[in-house]
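**Student:** Take a look and give me a structure for this.
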Amino acid sequence: MDTLIKKMDKLVLFLVIYTAVFLIFFSTLSYTLPFVLALLFAIILQKPTKLLISKFKLKDWVASLIVTIIFFTIIISLLLLGITSLSSEIIDLGKNIQSYITNNLENIKNLFDKLQNNYNHLDSSLVNAIETNFSSYASKTLNTTVAITSKVISTFIAFISRIPYIIMVILFTLLSTYFFTKDLSNTKNKVLNLVSKNHSDRFFNIITESKKMLSNYLLSYLVIIFITFIETLIGFLIFKIKYAVILSVLCGIFDLLPILGIGTIYIPVAIICFISKNYVAAIGITILYAIVSIIRQIIEPKIVSSSLGLHPVAVLAAIFIGLKANGLFGMLFCVFLVVFYNILKKVEVI
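**Tutor:** Residues are numbered from 1 along each chain as shown. As a prediction, the model looks like this:
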């Protein structure tokens, strides 16, 4: 009985501490973002830095500086390339839409003329009902269009206003990454010395297990994104969808977002194909959307559970309960709750 009470006390203490740390971390993330990113980047860059030091006999600060500059050059180049490609394809898409309307203006006019002729032959009561519903629909459409336009403009203005903050984040992240990369190995040695003085390796085991499981967690979702990207790219290429690469990249990114999801890309593409009278592609894209969604639901628990060493049902429960409770934020809370509980259980803290 005493053992059970002690275990319950430890479990309650773990839940309280974990919840407090989680809430504090995300509530202060806007202030600590450069340093959190810098620490993650420094952990990633540890091995390349050590390799340069051992192979070329470089000093710590020189190796750290070289690795940091190369890393950020690659990251910024990829971001600029992605933004440039996306902007170019959006402009191209806008031009194609305008060109389509211009080239098919006569067909659109004839369609409205046919609708008007059919409209005149209808019963007067039915005409009144159609006019009322059409007026209501037109009003709602106009209001929605105005709201969307206002949202896009306000988002763009907000982005412009946040450019100084973004530049500051990049600059502080760059500098902090260099210093963290340079000092991380020394800090680690100091911590290990402190632990050895206390005749305990439990702290080291917790850090090791945490790094391992968090790395596996990130890697598992990168695998899921890659699978979604490949499936979408192959399907879009088969149905000869324009901008297949950029749309597949967006599908991989949106696949992580529980509210948006890949339907944000698939549904508009299917509608555009249907409007363009490419019915085979429209049906094919709809079926592909269902297949990719089903595959995603099947592989996510298996990949995440196998990479973290957790039971698939535990991962499923964490994802479902988290999404139901508070969307993406709730999912992160529940998944990391299970992860850290498993870590502390492995090192016999709980």
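**Student:** buried residues in stretch 166-178?
**Tutor:** For stretch 166-178, the buried set under the neighbour-count rule, 16 or more other CB atoms under 10 Å, comprises Ile170, Thr173, Leu174, Ser176, Thr177, Tyr178. From N, CA and C alone the C-beta is placed, and that goes for glycine too.
**Student:** for those residues, which one is nearest Phe239?
**Tutor:** Nearest to Phe239 among these: Ile170, at 38.7 Å, using CB to CB.
**Student:** Any chance of the buried residues of stretch 166-178 in CSV with pLDDT and distance to Leu29 as columns?
**Tutor:** CSV is the format used below for the buried residues of stretch 166-178 (pLDDT from 0 to 100; distance: CB to CB, whole Å):
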residue, pLDDT, distance to Leu29
Ile170, 87, 16
Thr173, 92, 13
Leu174, 90, 18
Ser176, 92, 15
Thr177, 91, 17
Tyr178, 90, 22
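**Student:** Helices - which of those land there?
**Tutor:** Judged by DSSP state H, the buried residues of stretch 166-178 include Ile170, Thr173, Leu174, Ser176, Thr177, Tyr178 as members of helices.
**Student:** if we take these, which one ends up nearest to Glu300?
**Tutor:** Among these, and counting by CB to CB, the member closest to Glu300 is Thr173, at 29.8 Å.
**Student:** quick one: that closest one from Ser54, how far?
**Tutor:** 27 Å (CB to CB, to the nearest Å).
**Student:** And for Ile70?
**Tutor:** 17 Å.
**Student:** worst-scoring helix or strand of the chain, pLDDT-wise?
**Tutor:** helix 124-161 (a mean of 62; mean pLDDT, DSSP states H and E).
**Student:** farthest pair in the buried residues of stretch 166-178?
**Tutor:** Largest separation among the buried residues of stretch 166-178 by CB to CB: Ile170 and Tyr178, giving 13.1 Å.
**Student:** And the strands in the stretch 201-350 of the chain, which stretches?
**Tutor:** For the stretch 201-350 of the chain, applying DSSP state E, counting those that start in this stretch gives no strands.
**Student:** which residues of it score low on pLDDT?
**Tutor:** Applying pLDDT under 70 to the stretch 201-350 of the chain picks out residues 201-204, 258-260.
**Student:** Now with 90, please.
**Tutor:** Counting by pLDDT under 90, the stretch 201-350 of the chain shows low-confidence ranges at 201-222, 240-265, 267-279, 296-320, 322-332, 335-336, 338-350.
**Student:** now do the stretch 1-150 of the chain
**Tutor:** In the stretch 1-150 of the chain (pLDDT under 90), the answer is 1-14, 29-31, 33, 39-40, 42-47, 50, 53-61, 76-150.
**Student:** Which residue ranges of it form helices?
**Tutor:** For the stretch 1-150 of the chain, the helices defined by DSSP state H, counting those that start in this stretch occupy 2-27, 29-44, 46-56, 60-103, 105-120, 124-161.
**Student:** Now do the second one and helix 60-103, the angle between them.
**Tutor:** Regarding helix 29-44 and helix 60-103, their directions subtend 120 degrees when assessed with axes from the mean of the first three to the mean of the last three CA atoms, to 10 degrees.
**Student:** begin at 36 from here
**Tutor:** Okay, residue one is now 36; in that scheme the one you just asked about reads as helix 64-79.
**Student:** Give me the helices and strands touching helix 64-79, please.
**Tutor:** Counting contacts by 3 or more CB pairs under 8 Å, 6 or more residues apart in numbering; DSSP states H and E, helix 64-79 packs against helix 95-138, helix 198-232.
**Student:** from the chain's centre, how far out does that helix sit?
**Tutor:** Chain-centre distance of helix 64-79: 17 Å, with CA atoms, centre = their mean, to the nearest Å.
**Student:** Okay, buried residues for it please.
**Tutor:** Under the neighbour-count criterion of 16+ other CB under 10 Å, helix 64-79 has Pro69, Leu72, Ala73, Leu74, Phe76, Ala77 buried.
**Student:** quick one: which of the residues you listed is nearest Ile329?
**Tutor:** Nearest to Ile329 out of the buried residues of helix 64-79 is Leu72 (CB to CB; 34.6 Å).
**Student:** right, and the closest one touches Leu210 too?
**Tutor:** No. Using CB atoms under 8 Å, Leu72 makes no contact with Leu210, being 11.7 Å away.
**Student:** what sits in contact with each of these two?
**Tutor:** Taking CB atoms under 8 Å, 6 or more residues apart in numbering as the contact rule, Leu72 and Leu210 touch no residue in common.
**Student:** what about Gly270, neighbour count?
**Tutor:** Gly270 sits with 22 neighbouring residues when counted by other CB atoms under 10 Å.
**Student:** Could I get the contacting residues of the closest residue to it other than its chain neighbours?
**Tutor:** Computed as CB to CB, 6 or more residues apart in numbering, the closest residue to Gly270 that is not its neighbour in sequence is Leu323, at 4.2 Å. By CB under 8 Å, 6+ apart, Leu323 lies in contact with Glu266, Thr267, Gly270, Phe274, Tyr301.
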